[in-house]
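K.L.:
Got a predicted structure here, sequence first:
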Amino acid sequence: MKALLLFTNDTAWAGRITDPARHLEKIYHVQVNCLADSTLVQRLLQGVSVDGQFLTARRVRILRQGEKNSWLEIVLDEGRNRHIRRLIEAIGQTVLRLVRVAVGHQKLGNLAKGEFRFLTQNEVQSFERHALRARSILSSSSS
């Protein structure tokens, strides 16, 4: 199974990119053990409290359905440990597969399983611009 992973040895850059206050969107394709409907989507959007944490999805849409399961696209703008799995389990369903397909503007693309590539300088700078834009939005809203 393929998934988008970003690796860096620059901890300061990683901190700026992954800081929950930046609200960098992460997009996942998630296979669940049920036939999803609008009620399930609404429950994921409304969120639930799990172990003292409120878990919710920013956006959810049904991608496709089989005979016994469905694939959903779930967008988060924060990423708590096992966020999607805990959210889906809290509403009584099970995650069968979970694949991160995008972080911010960066999409998984057509890399083969096990293949990698380095980000271009423009892609790195684009992450930086997003972090700066988020910081400026947060600063102006708290004034």
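P.N.:
Yep, it's here.

K.L.:
what about the helices in the chain?
P.N.:
11-18, 38-46, 83-90, 121-142 (DSSP state H).

K.L.:
Please identify the deepest-packed of these.
P.N.:
Per residue and on average, the most neighbours among the helices of the chain fall to helix 83-90, with a mean of 19 (mean count of other CB atoms under 10 Å). C-betas here are computed from N, CA, C, even on glycine.

K.L.:
and the spatially closest residue to residue 59 that is not a sequence neighbour, what pLDDT?
P.N.:
Of all residues not flanking residue 59 in the chain, residue 75 sits nearest, at 4.1 Å (CB to CB, 6 or more residues apart in numbering). Looking at residue 75, its pLDDT reads 94.

K.L.:
Leaving out sequence neighbours, find the closest residue to residue 130.
P.N.:
Spatial nearest neighbour of residue 130, chain neighbours left out: residue 104 (5.6 Å); criterion: CB to CB, 6+ apart.

K.L.:
Which single strand of this structure contains the most residues?
P.N.:
strand 95-103 (DSSP state E).

K.L.:
What is the neighbour count of residue 36?
P.N.:
Residues near residue 36, counting by other CB atoms under 10 Å, number 21.
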